[in-house]
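> the following block contains a protein sequence and its predicted model.
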2 protein chains.
Amino acid sequence: MTVPPVGRRERKKAATRQAIADAALQLFLERGYDQVGIRDIADAADVSTATVFKHFSGKEALVFDEDEDRESELTAAVRQRASGQSILDALRQHVLDTWLPIAAHPQMTEFTNLVDSTPALREYAERMWTRHTDGLSAAIADEIGVDHDNLACVALARFVLQIPVIARGRQDRRAAVEEIFDILTQGWEPPSKPPAP
Amino acid sequence: MTVPPVGRRERKKAATRQAIADAALQLFLERGYDQVGIRDIADAADVSTATVFKHFSGKEALVFDEDEDRESELTAAVRQRASGQSILDALRQHVLDTWLPIAAHPQMTEFTNLVDSTPALREYAERMWTRHTDGLSAAIADEIGVDHDNLACVALARFVLQIPVIARGRQDRRAAVEEIFDILTQGWEPPSKPPAP
DNA sequence: TTGGAAAAGTTGACTCGTTGCACTTTTGCA
DNA sequence: TGCAAAAGTGCAACGAGTCAACTTTTCCAA
(Lines give C-alpha, C1' and ligand atoms only; values in the text may rest on other atoms or scores of the structure.)
Protein backbone atom coordinates (compact mmCIF):
# COMPACT_ATOMS: atom_id res chain seq x y z
CA MET A 1 0.00 0.00 0.00
CA THR A 2 2.33 2.76 1.21
CA VAL A 3 5.22 1.93 -1.06
CA PRO A 4 7.07 5.16 -0.14
CA PRO A 5 6.40 5.94 3.52
CA VAL A 6 5.13 9.48 3.49
CA GLY A 7 5.29 11.38 6.77
CA ARG A 8 8.50 12.04 8.65
CA ARG A 9 7.14 9.86 11.43
CA GLU A 10 6.70 6.84 9.23
CA ARG A 11 10.02 7.38 7.56
CA LYS A 12 11.82 7.46 10.88
CA LYS A 13 9.97 4.42 12.07
CA ALA A 14 10.90 2.54 8.94
CA ALA A 15 14.49 3.69 9.32
CA THR A 16 14.68 2.42 12.89
CA ARG A 17 13.19 -0.86 11.84
CA GLN A 18 15.69 -1.19 9.02
CA ALA A 19 18.58 -0.29 11.29
CA ILE A 20 17.56 -3.06 13.67
CA ALA A 21 17.14 -5.61 10.90
CA ASP A 22 20.49 -4.66 9.36
CA ALA A 23 22.33 -4.84 12.64
CA ALA A 24 20.74 -8.18 13.41
CA LEU A 25 21.55 -9.75 10.06
CA GLN A 26 25.14 -8.52 10.16
CA LEU A 27 25.71 -9.88 13.65
CA PHE A 28 24.01 -13.16 12.82
CA LEU A 29 26.17 -13.63 9.75
CA GLU A 30 29.31 -12.71 11.69
CA ARG A 31 28.84 -14.80 14.83
CA GLY A 32 25.94 -17.14 14.15
CA TYR A 33 22.33 -16.85 15.24
CA ASP A 34 22.69 -18.43 18.67
CA GLN A 35 25.79 -16.42 19.53
CA VAL A 36 23.93 -13.13 19.25
CA GLY A 37 21.57 -11.84 21.93
CA ILE A 38 18.78 -9.35 21.57
CA ARG A 39 20.81 -6.92 23.67
CA ASP A 40 23.71 -7.16 21.24
CA ILE A 41 21.37 -6.25 18.42
CA ALA A 42 19.73 -3.46 20.35
CA ASP A 43 23.14 -2.01 21.24
CA ALA A 44 24.37 -2.24 17.67
CA ALA A 45 21.26 -0.48 16.39
CA ASP A 46 21.45 1.97 19.31
CA VAL A 47 17.94 1.28 20.57
CA SER A 48 16.52 -0.44 23.61
CA THR A 49 15.53 -4.10 23.63
CA ALA A 50 11.90 -3.12 24.08
CA THR A 51 12.08 -1.17 20.82
CA VAL A 52 13.33 -4.27 19.02
CA PHE A 53 10.19 -6.13 20.06
CA LYS A 54 7.99 -3.20 19.11
CA HIS A 55 9.17 -3.69 15.54
CA PHE A 56 9.56 -7.46 15.37
CA SER A 57 7.45 -10.19 16.86
CA GLY A 58 10.44 -12.25 17.94
CA LYS A 59 14.09 -13.02 17.36
CA GLU A 60 13.46 -15.19 14.31
CA ALA A 61 11.39 -12.48 12.65
CA LEU A 62 14.48 -10.26 12.54
CA VAL A 63 15.83 -12.37 9.74
CA PHE A 64 12.90 -12.48 7.35
CA ASP A 65 11.05 -9.77 5.49
CA GLU A 66 7.45 -9.58 6.53
CA ASP A 67 4.81 -11.65 4.85
CA GLU A 68 2.21 -8.92 4.54
CA ASP A 69 0.37 -10.15 1.49
CA ARG A 70 1.70 -13.52 0.53
CA GLU A 71 -1.65 -14.97 1.42
CA SER A 72 -3.63 -12.53 -0.66
CA GLU A 73 -1.34 -13.21 -3.61
CA LEU A 74 -1.92 -16.93 -3.22
CA THR A 75 -5.68 -16.64 -3.07
CA ALA A 76 -5.65 -14.17 -5.97
CA ALA A 77 -3.66 -16.65 -8.04
CA VAL A 78 -6.43 -19.19 -7.53
CA ARG A 79 -9.40 -16.87 -7.87
CA GLN A 80 -8.22 -14.83 -10.82
CA ARG A 81 -6.67 -17.59 -12.88
CA ALA A 82 -7.03 -17.68 -16.63
CA SER A 83 -10.31 -19.18 -17.72
CA GLY A 84 -9.93 -22.84 -18.47
CA GLN A 85 -6.80 -23.12 -16.34
CA SER A 86 -6.99 -25.68 -13.57
CA ILE A 87 -6.45 -24.67 -9.99
CA LEU A 88 -3.38 -26.86 -9.78
CA ASP A 89 -1.87 -25.26 -12.86
CA ALA A 90 -2.62 -21.80 -11.55
CA LEU A 91 -0.80 -22.62 -8.34
CA ARG A 92 2.08 -24.15 -10.23
CA GLN A 93 2.48 -21.03 -12.28
CA HIS A 94 2.19 -18.79 -9.27
CA VAL A 95 4.89 -20.65 -7.40
CA LEU A 96 7.15 -20.58 -10.43
CA ASP A 97 6.53 -16.87 -11.01
CA THR A 98 6.79 -15.51 -7.51
CA TRP A 99 8.92 -17.87 -5.52
CA LEU A 100 11.63 -18.88 -7.96
CA PRO A 101 12.97 -15.38 -8.62
CA ILE A 102 13.20 -14.60 -4.91
CA ALA A 103 14.90 -17.86 -4.06
CA ALA A 104 17.32 -17.53 -6.96
CA HIS A 105 18.70 -14.18 -5.86
CA PRO A 106 22.49 -14.40 -5.99
CA GLN A 107 23.63 -12.84 -2.71
CA MET A 108 21.15 -15.20 -1.11
CA THR A 109 23.75 -17.87 -0.46
CA GLU A 110 25.17 -16.69 2.86
CA PHE A 111 21.67 -15.90 4.00
CA THR A 112 20.54 -19.38 3.01
CA ASN A 113 23.49 -20.86 4.85
CA LEU A 114 22.48 -19.01 7.98
CA VAL A 115 18.91 -20.27 7.80
CA ASP A 116 19.89 -23.82 6.94
CA SER A 117 22.37 -24.03 9.78
CA THR A 118 19.93 -22.77 12.40
CA PRO A 119 17.06 -25.11 13.32
CA ALA A 120 14.99 -22.33 14.83
CA LEU A 121 15.18 -20.39 11.58
CA ARG A 122 14.45 -23.42 9.45
CA GLU A 123 11.28 -24.07 11.37
CA TYR A 124 10.26 -20.45 11.31
CA ALA A 125 10.72 -20.27 7.55
CA GLU A 126 8.62 -23.37 7.13
CA ARG A 127 5.86 -21.93 9.27
CA MET A 128 5.87 -18.77 7.18
CA TRP A 129 4.51 -20.89 4.35
CA THR A 130 2.30 -23.34 6.16
CA ARG A 131 0.62 -20.50 8.04
CA HIS A 132 -1.44 -19.78 4.95
CA THR A 133 -2.98 -23.20 4.50
CA ASP A 134 -6.33 -22.09 5.86
CA GLY A 135 -6.53 -19.09 3.59
CA LEU A 136 -5.45 -20.97 0.50
CA SER A 137 -7.70 -23.88 1.27
CA ALA A 138 -10.68 -21.56 1.66
CA ALA A 139 -9.94 -19.91 -1.67
CA ILE A 140 -9.76 -23.27 -3.41
CA ALA A 141 -12.99 -24.41 -1.81
CA ASP A 142 -14.74 -21.21 -2.84
CA GLU A 143 -13.65 -21.63 -6.43
CA ILE A 144 -15.07 -25.13 -6.55
CA GLY A 145 -18.16 -24.33 -4.56
CA VAL A 146 -17.69 -26.64 -1.58
CA ASP A 147 -17.35 -26.08 2.15
CA HIS A 148 -14.24 -24.37 3.45
CA ASP A 149 -13.25 -27.44 5.39
CA ASN A 150 -13.54 -29.75 2.41
CA LEU A 151 -10.89 -32.40 2.87
CA ALA A 152 -9.50 -32.45 -0.64
CA CYS A 153 -9.07 -28.69 -0.57
CA VAL A 154 -7.36 -28.66 2.80
CA ALA A 155 -5.03 -31.42 1.71
CA LEU A 156 -4.17 -29.72 -1.56
CA ALA A 157 -3.42 -26.45 0.19
CA ARG A 158 -1.12 -28.19 2.65
CA PHE A 159 0.68 -30.10 -0.05
CA VAL A 160 1.18 -27.11 -2.30
CA LEU A 161 2.62 -25.01 0.51
CA GLN A 162 5.08 -27.77 1.26
CA ILE A 163 6.51 -27.49 -2.22
CA PRO A 164 8.77 -24.48 -1.65
CA VAL A 165 10.04 -26.14 1.49
CA ILE A 166 10.88 -29.31 -0.39
CA ALA A 167 12.35 -27.58 -3.42
CA ARG A 168 14.53 -25.31 -1.29
CA GLY A 169 18.17 -26.24 -1.53
CA ARG A 170 17.80 -28.14 -4.80
CA GLN A 171 20.18 -27.27 -7.57
CA ASP A 172 17.42 -26.87 -10.16
CA ARG A 173 14.53 -25.39 -8.26
CA ARG A 174 12.36 -24.96 -11.30
CA ALA A 175 12.58 -28.60 -12.26
CA ALA A 176 11.90 -29.60 -8.68
CA VAL A 177 8.76 -27.48 -8.46
CA GLU A 178 7.50 -28.88 -11.74
CA GLU A 179 8.18 -32.44 -10.71
CA ILE A 180 6.32 -32.13 -7.41
CA PHE A 181 3.34 -30.49 -9.08
CA ASP A 182 3.33 -33.38 -11.52
CA ILE A 183 3.04 -35.74 -8.58
CA LEU A 184 0.04 -33.85 -7.30
CA THR A 185 -1.52 -33.75 -10.75
CA GLN A 186 -1.00 -37.30 -11.89
CA GLY A 187 -0.36 -39.22 -8.71
CA TRP A 188 2.87 -40.57 -7.31
CA GLU A 189 4.83 -43.25 -9.10
CA PRO A 190 8.16 -44.77 -8.15
CA PRO A 191 10.91 -42.86 -9.96
CA SER A 192 12.87 -44.96 -12.42
CA LYS A 193 16.17 -46.40 -11.25
CA PRO A 194 19.33 -45.09 -12.81
CA PRO A 195 21.08 -47.71 -14.98
CA ALA A 196 23.51 -49.87 -13.02
CA PRO A 197 27.14 -48.71 -13.32
CA MET B 1 12.21 -53.17 24.70
CA THR B 2 12.01 -52.99 28.51
CA VAL B 3 8.27 -53.33 28.77
CA PRO B 4 8.49 -53.94 32.55
CA PRO B 5 11.37 -51.87 33.98
CA VAL B 6 13.39 -54.36 35.97
CA GLY B 7 15.67 -52.95 38.65
CA ARG B 8 14.47 -50.87 41.56
CA ARG B 9 16.41 -47.97 40.14
CA GLU B 10 14.63 -48.03 36.81
CA ARG B 11 11.27 -48.49 38.46
CA LYS B 12 11.78 -45.46 40.64
CA LYS B 13 12.98 -43.43 37.72
CA ALA B 14 9.92 -44.41 35.70
CA ALA B 15 7.70 -43.59 38.66
CA THR B 16 9.21 -40.12 39.01
CA ARG B 17 8.79 -39.52 35.34
CA GLN B 18 5.18 -40.61 35.47
CA ALA B 19 4.49 -38.46 38.51
CA ILE B 20 5.80 -35.44 36.65
CA ALA B 21 3.81 -36.20 33.51
CA ASP B 22 0.63 -36.80 35.51
CA ALA B 23 1.01 -33.61 37.52
CA ALA B 24 1.69 -31.65 34.35
CA LEU B 25 -1.28 -33.02 32.45
CA GLN B 26 -3.64 -32.46 35.34
CA LEU B 27 -2.52 -28.87 35.82
CA PHE B 28 -2.65 -28.18 32.09
CA LEU B 29 -6.18 -29.52 31.85
CA GLU B 30 -7.25 -27.54 34.90
CA ARG B 31 -5.74 -24.17 34.13
CA GLY B 32 -4.59 -24.29 30.53
CA TYR B 33 -1.10 -24.81 29.18
CA ASP B 34 0.09 -21.23 29.34
CA GLN B 35 -1.26 -20.70 32.84
CA VAL B 36 1.01 -23.39 34.27
CA GLY B 37 4.72 -22.86 34.86
CA ILE B 38 7.43 -25.46 35.14
CA ARG B 39 7.80 -24.51 38.79
CA ASP B 40 4.14 -25.30 39.41
CA ILE B 41 4.58 -28.74 37.89
CA ALA B 42 7.76 -29.41 39.82
CA ASP B 43 6.03 -28.44 43.06
CA ALA B 44 3.00 -30.59 42.32
CA ALA B 45 5.20 -33.59 41.56
CA ASP B 46 7.42 -32.73 44.53
CA VAL B 47 10.64 -32.58 42.55
CA SER B 48 12.96 -29.77 41.52
CA THR B 49 12.68 -28.03 38.20
CA ALA B 50 16.03 -29.46 37.20
CA THR B 51 14.59 -32.94 37.63
CA VAL B 52 11.73 -32.11 35.29
CA PHE B 53 14.20 -31.34 32.54
CA LYS B 54 16.21 -34.46 33.29
CA HIS B 55 13.15 -36.46 32.27
CA PHE B 56 11.65 -34.29 29.54
CA SER B 57 13.32 -32.31 26.82
CA GLY B 58 11.01 -29.32 27.23
CA LYS B 59 7.65 -28.10 28.39
CA GLU B 60 5.77 -29.37 25.34
CA ALA B 61 7.23 -32.86 25.73
CA LEU B 62 5.45 -33.18 29.07
CA VAL B 63 2.19 -33.65 27.20
CA PHE B 64 3.12 -36.34 24.69
CA ASP B 65 4.31 -39.88 25.08
CA GLU B 66 7.74 -40.33 23.68
CA ASP B 67 8.30 -41.25 20.06
CA GLU B 68 10.90 -43.91 20.62
CA ASP B 69 10.38 -46.02 17.54
CA ARG B 70 7.80 -44.42 15.36
CA GLU B 71 10.44 -43.94 12.72
CA SER B 72 11.58 -47.54 12.75
CA GLU B 73 7.96 -48.67 12.45
CA LEU B 74 7.50 -46.41 9.46
CA THR B 75 10.58 -47.63 7.66
CA ALA B 76 9.72 -51.23 8.50
CA ALA B 77 6.28 -50.77 7.00
CA VAL B 78 7.92 -49.76 3.76
CA ARG B 79 10.75 -52.28 3.74
CA GLN B 80 8.82 -55.32 4.90
CA ARG B 81 5.64 -54.80 2.93
CA ALA B 82 3.81 -57.73 1.35
CA SER B 83 5.29 -58.71 -1.97
CA GLY B 84 3.46 -57.03 -4.78
CA GLN B 85 2.14 -54.27 -2.54
CA SER B 86 3.00 -50.78 -3.62
CA ILE B 87 4.88 -48.47 -1.30
CA LEU B 88 1.94 -46.11 -1.15
CA ASP B 89 -0.43 -48.90 -0.20
CA ALA B 90 1.95 -50.13 2.45
CA LEU B 91 2.07 -46.67 3.96
CA ARG B 92 -1.67 -46.32 3.73
CA GLN B 93 -2.17 -49.54 5.58
CA HIS B 94 0.42 -48.65 8.18
CA VAL B 95 -1.21 -45.32 8.93
CA LEU B 96 -4.61 -46.96 9.17
CA ASP B 97 -3.31 -49.72 11.42
CA THR B 98 -1.15 -47.76 13.82
CA TRP B 99 -2.45 -44.23 13.90
CA LEU B 100 -6.20 -44.65 13.77
CA PRO B 101 -6.51 -46.73 16.95
CA ILE B 102 -4.42 -44.29 18.95
CA ALA B 103 -6.25 -41.24 17.68
CA ALA B 104 -9.65 -42.85 18.23
CA HIS B 105 -9.13 -43.48 21.93
CA PRO B 106 -12.22 -42.24 23.77
CA GLN B 107 -10.85 -40.29 26.74
CA MET B 108 -8.75 -38.48 24.16
CA THR B 109 -11.22 -35.64 23.76
CA GLU B 110 -10.14 -33.34 26.56
CA PHE B 111 -6.54 -34.06 25.66
CA THR B 112 -7.27 -33.19 22.06
CA ASN B 113 -8.98 -30.01 23.16
CA LEU B 114 -5.90 -29.03 25.11
CA VAL B 115 -3.61 -29.58 22.16
CA ASP B 116 -5.90 -27.90 19.66
CA SER B 117 -6.31 -24.82 21.82
CA THR B 118 -2.58 -24.35 22.38
CA PRO B 119 -0.53 -23.25 19.36
CA ALA B 120 2.74 -24.38 20.89
CA LEU B 121 1.36 -27.87 21.35
CA ARG B 122 -0.17 -27.98 17.90
CA GLU B 123 3.17 -27.16 16.36
CA TYR B 124 5.00 -29.63 18.53
CA ALA B 125 2.61 -32.41 17.62
CA GLU B 126 3.09 -31.61 13.97
CA ARG B 127 6.85 -31.70 14.33
CA MET B 128 6.62 -35.10 16.01
CA TRP B 129 5.48 -36.43 12.66
CA THR B 130 7.43 -34.34 10.21
CA ARG B 131 10.63 -35.07 12.12
CA HIS B 132 10.78 -38.45 10.42
CA THR B 133 10.67 -37.28 6.84
CA ASP B 134 14.35 -37.95 6.30
CA GLY B 135 14.18 -41.47 7.66
CA LEU B 136 11.06 -42.37 5.75
CA SER B 137 12.34 -40.79 2.59
CA ALA B 138 15.56 -42.77 2.83
CA ALA B 139 13.66 -46.01 3.31
CA ILE B 140 11.51 -45.34 0.25
CA ALA B 141 14.55 -44.47 -1.83
CA ASP B 142 16.32 -47.63 -0.73
CA GLU B 143 13.37 -49.76 -1.73
CA ILE B 144 13.32 -48.27 -5.18
CA GLY B 145 17.08 -48.18 -5.60
CA VAL B 146 17.63 -44.47 -6.01
CA ASP B 147 19.60 -41.86 -4.10
CA HIS B 148 18.43 -40.90 -0.64
CA ASP B 149 17.79 -37.34 -1.73
CA ASN B 150 15.68 -38.36 -4.69
CA LEU B 151 13.07 -35.66 -5.07
CA ALA B 152 10.03 -37.86 -5.58
CA CYS B 153 10.89 -39.85 -2.47
CA VAL B 154 11.45 -36.79 -0.32
CA ALA B 155 8.19 -35.29 -1.52
CA LEU B 156 6.24 -38.47 -0.90
CA ALA B 157 7.63 -38.83 2.60
CA ARG B 158 6.66 -35.25 3.42
CA PHE B 159 3.19 -35.62 2.03
CA VAL B 160 2.49 -38.90 3.76
CA LEU B 161 3.56 -37.53 7.12
CA GLN B 162 1.22 -34.60 6.65
CA ILE B 163 -1.72 -36.97 6.44
CA PRO B 164 -2.20 -37.57 10.17
CA VAL B 165 -1.97 -33.85 10.70
CA ILE B 166 -4.64 -33.18 8.11
CA ALA B 167 -6.92 -36.03 9.17
CA ARG B 168 -6.74 -35.01 12.83
CA GLY B 169 -9.98 -33.53 14.04
CA ARG B 170 -12.08 -35.06 11.26
CA GLN B 171 -15.19 -36.90 12.25
CA ASP B 172 -14.36 -39.96 10.14
CA ARG B 173 -10.60 -40.28 10.34
CA ARG B 174 -10.47 -43.50 8.39
CA ALA B 175 -12.29 -42.05 5.42
CA ALA B 176 -10.09 -38.97 5.56
CA VAL B 177 -6.89 -41.00 5.50
CA GLU B 178 -8.16 -43.07 2.60
CA GLU B 179 -9.21 -40.02 0.64
CA ILE B 180 -5.87 -38.29 1.00
CA PHE B 181 -3.97 -41.41 0.02
CA ASP B 182 -6.20 -41.59 -3.03
CA ILE B 183 -5.09 -38.10 -3.94
CA LEU B 184 -1.47 -39.14 -3.72
CA THR B 185 -2.13 -42.29 -5.72
CA GLN B 186 -4.27 -40.95 -8.51
CA GLY B 187 -3.60 -37.24 -8.48
CA TRP B 188 -5.76 -34.40 -7.24
CA GLU B 189 -9.07 -33.60 -8.81
CA PRO B 190 -11.60 -30.99 -7.79
CA PRO B 191 -14.15 -32.60 -5.48
CA SER B 192 -17.69 -32.63 -6.83
CA LYS B 193 -20.06 -29.90 -5.70
CA PRO B 194 -22.95 -30.87 -3.51
CA PRO B 195 -26.34 -30.45 -5.24
CA ALA B 196 -27.83 -26.99 -4.82
CA PRO B 197 -30.40 -26.77 -1.96
C1' DT C 1 1.71 29.23 15.99
C1' DT C 2 0.92 26.76 19.39
C1' DG C 3 -0.94 23.28 22.32
C1' DG C 4 -1.91 18.99 23.09
C1' DA C 5 -2.93 14.06 21.56
C1' DA C 6 -0.83 10.14 19.79
C1' DA C 7 3.03 7.57 18.38
C1' DA C 8 7.82 6.18 19.16
C1' DG C 9 11.22 5.17 22.21
C1' DT C 10 13.43 4.47 26.92
C1' DT C 11 14.21 2.33 31.28
C1' DG C 12 14.24 -1.11 34.50
C1' DA C 13 12.17 -4.55 36.81
C1' DC C 14 9.96 -8.77 36.06
C1' DT C 15 8.30 -13.58 34.30
C1' DC C 16 9.39 -17.86 32.45
C1' DG C 17 11.76 -21.69 30.19
C1' DT C 18 16.01 -23.68 30.43
C1' DT C 19 20.85 -24.71 31.82
C1' DG C 20 24.95 -25.33 34.79
C1' DC C 21 27.19 -26.38 38.93
C1' DA C 22 28.23 -28.17 43.18
C1' DC C 23 26.28 -31.04 46.33
C1' DT C 24 23.62 -35.09 48.66
C1' DT C 25 21.10 -39.34 48.41
C1' DT C 26 20.06 -43.68 46.53
C1' DT C 27 21.11 -47.82 44.24
C1' DG C 28 23.69 -51.57 42.01
C1' DC C 29 27.31 -54.38 42.29
C1' DA C 30 32.20 -56.19 42.92
C1' DT D 1 31.24 -53.53 52.98
C1' DG D 2 32.54 -50.18 50.22
C1' DC D 3 32.41 -47.44 46.30
C1' DA D 4 31.19 -45.63 41.71
C1' DA D 5 27.45 -44.32 39.01
C1' DA D 6 22.89 -42.67 38.68
C1' DA D 7 19.23 -39.82 40.38
C1' DG D 8 17.88 -35.93 42.50
C1' DT D 9 18.45 -31.25 44.90
C1' DG D 10 19.06 -26.25 45.45
C1' DC D 11 20.29 -22.32 43.63
C1' DA D 12 22.07 -19.06 40.73
C1' DA D 13 22.09 -17.55 36.30
C1' DC D 14 20.98 -16.65 31.28
C1' DG D 15 18.27 -15.10 27.40
C1' DA D 16 13.85 -14.10 25.30
C1' DG D 17 10.07 -11.59 25.89
C1' DT D 18 6.58 -8.48 28.59
C1' DC D 19 4.96 -4.67 31.27
C1' DA D 20 4.19 -0.17 33.11
C1' DA D 21 5.55 4.35 33.76
C1' DC D 22 7.96 7.79 31.76
C1' DT D 23 10.20 11.06 28.05
C1' DT D 24 10.66 12.58 23.43
C1' DT D 25 9.08 13.42 18.86
C1' DT D 26 5.79 14.29 15.41
C1' DC D 27 1.45 15.55 13.66
C1' DC D 28 -2.39 18.39 13.14
C1' DA D 29 -6.15 21.32 14.12
C1' DA D 30 -7.94 25.39 16.46
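Cool, the structure landed. Numbering: from 1, shown residues only, chains lettered A, B, ... in the order given.

> check whether the helix or strand containing residue A:25 contacts DNA strand C.
Element membership for residue A:25, per DSSP states H and E: helix A:8-31. Yes: using CB under 7 Å from any atom of the strand, helix A:8-31 reaches DNA strand C at A:9, A:10, A:12, A:13, A:16. In this view, the C-beta of every residue, glycine as well, is placed from N, C-alpha and C.

> quick one, which of these has the minimum pLDDT?
Here the lowest pLDDT out of the residues of helix A:8-31 next to DNA strand C sits on residue A:9, with 65.

> so where's chain A uncertain?
A:1-6, A:9, A:195-197 (pLDDT under 70).

> thinking again about what came up before, the very next helix or strand once past the helix holding residue A:25 vs helix A:8-31, what angle?
Sequence-wise, the next helix or strand downstream of helix A:8-31 (DSSP H and E) is helix A:38-45. Our comparison of helix A:38-45 with helix A:8-31, counting by axes from the mean of the first three to the mean of the last three CA atoms, to 10 degrees, yields an angle of 120 degrees.

> buried set for helix A:38-45?
A:38, A:40, A:41, A:42, A:44, A:45 (16 or more other CB atoms under 10 Å in any protein chain shown).

> skip the chain neighbours and tell me the closest residue to the third one.
Read that as residue A:41. With sequence-adjacent residues excluded and distances taken as CB to CB, 6 or more residues apart in numbering or on different chains, residue A:41 is closest to residue A:24, at 4.7 Å.

> what parts of chain A come near DNA strand D?
The interface of chain A toward DNA strand D, taken as CB under 7 Å from any atom of the strand, is made up of A:7-10, A:12, A:36-39, A:49-50, A:53, A:58-60.

> one step back: please name every helix or strand in contact with the helix holding residue A:25.
Using 3 or more CB pairs under 8 Å, 6 or more residues apart in numbering or on different chains; DSSP states H and E, the elements in contact with helix A:8-31 are helix A:38-45, helix A:49-55, helix A:108-116.

> tally of neighbours for residue A:150?
By the criterion of other CB atoms under 10 Å in any protein chain shown, residue A:150 has 19 neighbours.

> same deal with residue A:75?
Neighbour count for residue A:75, taken as other CB under 10 Å: 20.

> how about residue A:42, what does it touch?
A:20, A:48, A:49, A:51, A:52 (CB atoms under 8 Å, 6 or more residues apart in numbering or on different chains).

> cool, and residue A:126?
residue A:165.

> and the next helix or strand past the strand or helix carrying it?
Per DSSP H and E: residue A:126 is located in helix A:119-130. Downstream of helix A:119-130, the first helix or strand assigned by DSSP H and E is helix A:133-144.

> identify all contacting residues around that next one.
Helix A:133-144 has contacts (CB under 8 Å, 6+ apart) with A:71, A:74-75, A:78-79, A:87, A:147-150, A:153-154, A:156-158, A:160-161, B:190-191, B:193.

> now a ChimeraX select for only the buried ones of these.
Command for ChimeraX that selects the buried part of the contacts of helix A:133-144, burial taken from 16+ other CB under 10 Å:
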select /A:71,74,75,78,87,150,153,154,156,157,158,160,161 /B:190,191
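
> check the gap between residue A:14 and residue A:21 for me.
10 Å (CB to CB, to the nearest Å).

> more neighbours: which of the two?
A count of neighbours by other CB under 10 Å puts residue A:21 above the other of residue A:14 and residue A:21, at 20 against 14.

> right, and that one touches residue A:61 too?
No: contact criterion CB atoms under 8 Å: residue A:21 and residue A:61 do not qualify, at 9.3 Å.

> re earlier: please tell me how far the residue nearest to residue A:41 sits from residue B:55.
35 Å.

> quick one, which of those two is more surrounded?
residue A:24 (24 against 18).

> hang on, the earlier thing: dump the residues of helix A:8-31 next to DNA strand C to CSV, plus neighbour count and distance to residue A:66.
Below are these laid out as CSV (neighbours: other CB atoms under 10 Å in any protein chain shown; distance: CB to CB, whole Å):
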residue, neighbour count, distance to residue A:66
A:9, 9, 19
A:10, 12, 15
A:12, 11, 18
A:13, 14, 14
A:16, 17, 15
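
> with respect to DNA strand D, which of these is nearest?
Comparing the residues of helix A:8-31 next to DNA strand C against DNA strand D with CB to the nearest atom of the strand places residue A:9 closest, at 3.4 Å.

> hang on, the earlier thing: how big is the angle separating the helix holding residue A:126 from helix A:133-144?
Going by the same axes, to 10 degrees, helix A:119-130 makes 20 degrees with helix A:133-144.

> which one of the helices and strands packed on helix A:8-31 lies closest to DNA strand C?
Short answer: helix A:49-55, nearest of the helices and strands packed on helix A:8-31 by CB to the nearest atom of the strand, at 3.4 Å.

> so which elements touch the helix or strand following the closest one?
Next in sequence after helix A:49-55, counting helices and strands by DSSP H and E, comes helix A:70-79. Where contact means 3+ CB pairs under 8 Å, 6+ apart, helix A:70-79 is packed against helix A:87-94, helix A:133-144.

> I'd like these as a markdown table, with distance to residue B:121 appended.
Shown next, in a markdown table, are these (distance: least, CB to CB, whole Å):
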| stretch | distance to residue B:121 |
| --- | --- |
| helix A:87-94 | 30 |
| helix A:133-144 | 18 |
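
> out of those helices, nearest to residue A:170?
helix A:87-94 (16.0 Å; CB to CB).

> what's the offset of that closest one from the middle of its chain?
How far helix A:87-94 lies from its chain's middle: 17 Å, per CA atoms, centre = their mean, to the nearest Å.
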